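With the sequence up front, the predicted model follows.
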Amino acid sequence: MPPPTGILITHGHGDHFDVATLNAIAGDSAPILTSEEVLARLPGALKPRATALPNGANGEIVGLPVEVVAAYNTTENRKRYHPEGIGNGYVIGFGDKRVYVAGDTEDTPEMRALTGIDLAFLPMNLPYTMSLEQVASAVAAFRPGIVYPYHYQGGDPAKLAELVGDAAEVRLAAWY
């Protein structure tokens, strides 16, 4: 595959940020949009191409508008996995379409308040992110057109479509 034209990194956990993989795919010029946590850990050659944006900020990557949505755990015994103020989710604009990539998060107030989302990628794997019920509740709140669950190892993503009902179209792919 050709190198990406831009790279978004949500947070510093190894399944979202791996220096060896990043070096292998980044090519010579792909800009990187990320969090302060990840920017501090980027190797020297990649750091000049990176921009860190905090939760709630707006920016752009390769000419596409990006809104940074807070990504964190809200359940008391899960807050150690993704503390508030560190991880990013992203809403990326593609013409008149808005795509939300949640990162690793629970159904935060910031997620639930989103509007006009055409496609949402939402995590669901306990104890690190959301349960099926939390994903369905979030979808009912912000009503994206299409939802792709990810991180559903050990879960039943097919049941998500049942729980979501007509709030959104749930699509499943063979990924972790």
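That came through fine.

Beyond whichever helix in the chain runs longest, next helix or strand please.
Scanning the chain for the helix with the most residues, using DSSP state H, yields helix 132-142. Along the chain past helix 132-142, the next helix or strand (assigned with DSSP states H and E) turns out to be strand 146-150.

What strands line up against that next one, and which way round?
With DSSP bridges as the criterion, the sheet partners recorded for strand 146-150 are strand 119-123 (parallel), strand 169-170 (parallel).

How about residues contacting that strand?
Strand 146-150 has contacts (CB atoms under 8 Å, 6 or more residues apart in numbering) with 118-124, 135, 139, 155, 157, 160, 164, 168-173, 175-176. For glycine as for every other residue, the C-beta is placed from the backbone atoms N, C-alpha and C.

quick one: average pLDDT of it?
Mean per-residue pLDDT for strand 146-150: 95.

for stretch 98-113, same thing?
For stretch 98-113, the mean per-residue pLDDT is 98.

could you dump that stretch to PDB, C-alpha only?
Output in PDB follows, covering the C-alpha atoms of stretch 98-113 (Å, rounded to 0.1, in the frame of the first residue of the first chain):
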ATOM      1  CA  ARG A  98     -18.300  13.900   9.200                       C
ATOM      2  CA  VAL A  99     -16.500  10.800  10.500                       C
ATOM      3  CA  TYR A 100     -15.900  10.200  14.200                       C
ATOM      4  CA  VAL A 101     -13.000   8.000  15.300                       C
ATOM      5  CA  ALA A 102     -13.500   7.600  19.100                       C
ATOM      6  CA  GLY A 103     -10.100   6.300  20.200                       C
ATOM      7  CA  ASP A 104     -10.300   4.400  23.500                       C
ATOM      8  CA  THR A 105     -13.100   5.800  25.500                       C
ATOM      9  CA  GLU A 106     -16.400   5.300  27.300                       C
ATOM     10  CA  ASP A 107     -19.600   7.100  26.300                       C
ATOM     11  CA  THR A 108     -18.500  10.500  27.600                       C
ATOM     12  CA  PRO A 109     -20.600  13.600  27.600                       C
ATOM     13  CA  GLU A 110     -18.500  15.000  24.800                       C
ATOM     14  CA  MET A 111     -19.300  12.000  22.600                       C
ATOM     15  CA  ARG A 112     -23.000  12.000  23.500                       C
ATOM     16  CA  ALA A 113     -23.200  15.700  22.500                       C
END
